[in-house]
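J.: need a 3D model of the sequence below.
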Amino acid sequence: MSILNISAYKFVALDERAALRDAIAQRCEALALKGTVLLAPEGINLFLAAPRDAIEAFMAWLRDDARFADIVPKQSWSEQVPFGRMRVRLKKEIITMHAPAIRPEAGRAPHVLPRDLRRWLDAGHDDEGREVVLLDTRNDYEVAAGTFENTIDYGLSSFTGFPPAVAADRSRFEGKTVVSFCTGGIRCEKAAIHMSQIGIEHVYQLEGGILNYFEEVGGAHWRGDCFVFDGRGAVDPSLAPSDAR
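T.: As a prediction, the model looks like this:
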């Protein structure tokens, strides 16, 4: 497979976003990248595909900006570029939740590494002996492609439905450790911050999301594939394109 696909995000306060959009668009065009970059006051979210050299050149350029110096993208490979064009867009939020009190750039949510989550799931409890509850924060059509065993999901058609759904379900999580997860980490980080703010204790996000879990530990405790927002439709636990869509 000759095409490197990357996804990455960072919650960081961004100003002068129009100028940043133009600079990123010019660099992507020069390198013949395809994909989507979203810029919002709360941060950056990107999905890009190209041969390895072009991707590495773009990431080296992006990291020259101190705000993005520590971004580490998740990687997978495909035979073809799964995007038809390159878009750099300005948005109000890089993942829409309609919860302005949540400011992830002010501090990250507690997280659990993939290898530790697998260990918890193997044992049936976390390191303190609490039952571990997995909470899928993705939309219904994403969940349909695959998810972890014994996962809670709310059948969401939009992430804006997450706050009222979890508020109505708070009692389920009492005395347990809750791990929110999503494709790449951005949605479940917002979800974990929100749950902590409404008083749910022992909340973590899965660091790097499902794609990082696949990369680090494979498909243990997972069933199906992982929906991705590009022409591949979904990837399997080896991060190879599947036909789940």
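
J.: CA atoms only for stretch 50-57, dumped as CSV, please.
T.: Provided in CSV are the C-alpha atoms of stretch 50-57 (Å, rounded to 0.1, in the frame of the first residue of the first chain):
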residue,chain,number,x,y,z
ALA,A,50,-0.8,11.3,0.1
PRO,A,51,2.5,9.3,-0.4
ARG,A,52,4.6,9.2,2.8
ASP,A,53,7.1,11.8,1.7
ALA,A,54,4.4,14.5,1.2
ILE,A,55,2.7,13.7,4.5
GLU,A,56,6.0,13.9,6.4
ALA,A,57,6.9,17.2,4.7
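
J.: give the rounded mean pLDDT of that stretch.
T.: Summarised as a single mean, pLDDT over stretch 50-57 is 98.

J.: mind listing what's buried in stretch 128-141?
T.: Of the residues in stretch 128-141, Val132, Val133, Leu134, Leu135, Asp136, Thr137, Arg138, Asn139 count as buried by neighbour count, 16 or more other CB atoms under 10 Å. Backbone N, C-alpha and C define where each C-beta goes, glycine included.

J.: same list, the residues you listed, but as a markdown table with secondary structure and distance to Asp22 please.
T.: Converted to a markdown table, those look like this (DSSP: H, G, I helix; E, B strand; the rest coil; distance: CB to CB, whole Å):
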| residue | secondary structure | distance to Asp22 |
| --- | --- | --- |
| Val132 | strand | 45 |
| Val133 | strand | 44 |
| Leu134 | strand | 41 |
| Leu135 | strand | 38 |
| Asp136 | strand | 37 |
| Thr137 | coil | 32 |
| Arg138 | coil | 32 |
| Asn139 | strand | 31 |
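
J.: Asp15: which of the residues you listed is nearest?
T.: Lowest distance from Asp15 to the buried residues of stretch 128-141 (CB to CB) belongs to Thr137, with 28.3 Å.

J.: neighbours around the nearest residue to Ala109 once chain neighbours are set aside, how many?
T.: Nearest non-adjacent residue to Ala109, counting by CB to CB, 6 or more residues apart in numbering: Ala192, 3.7 Å away. Neighbour count for Ala192, taken as other CB atoms under 10 Å: 27.

J.: can you list the domains in the protein?
T.: With domains defined by automatic domain parsing, the chain comprises 3-90, 104-242.

J.: centre of the chain to the first one, how far?
T.: Here the centre of mass of C-alpha atoms in domain 3-90, compared against the chain's by CA atoms, centre = their mean, to the nearest Å, lies 15 Å away.

J.: first-to-last residue distance for that domain?
T.: Domain 3-90 has its terminal residues 26 Å apart, counting by CA to CA, to the nearest Å.

J.: secondary structure element for Arg119?
T.: For Arg119, the host element (DSSP states H and E) is helix 114-123.

J.: and the residue nearest to Ala109, that's in a helix?
T.: Yes - checked against DSSP: H, G, I helix; E, B strand; the rest coil, Ala192 lies within a helix.

J.: my guess is it contacts Arg108, does it?
T.: No - taking contacts as CB atoms under 8 Å, Ala192 lies outside contact range of Arg108: 9.1 Å.
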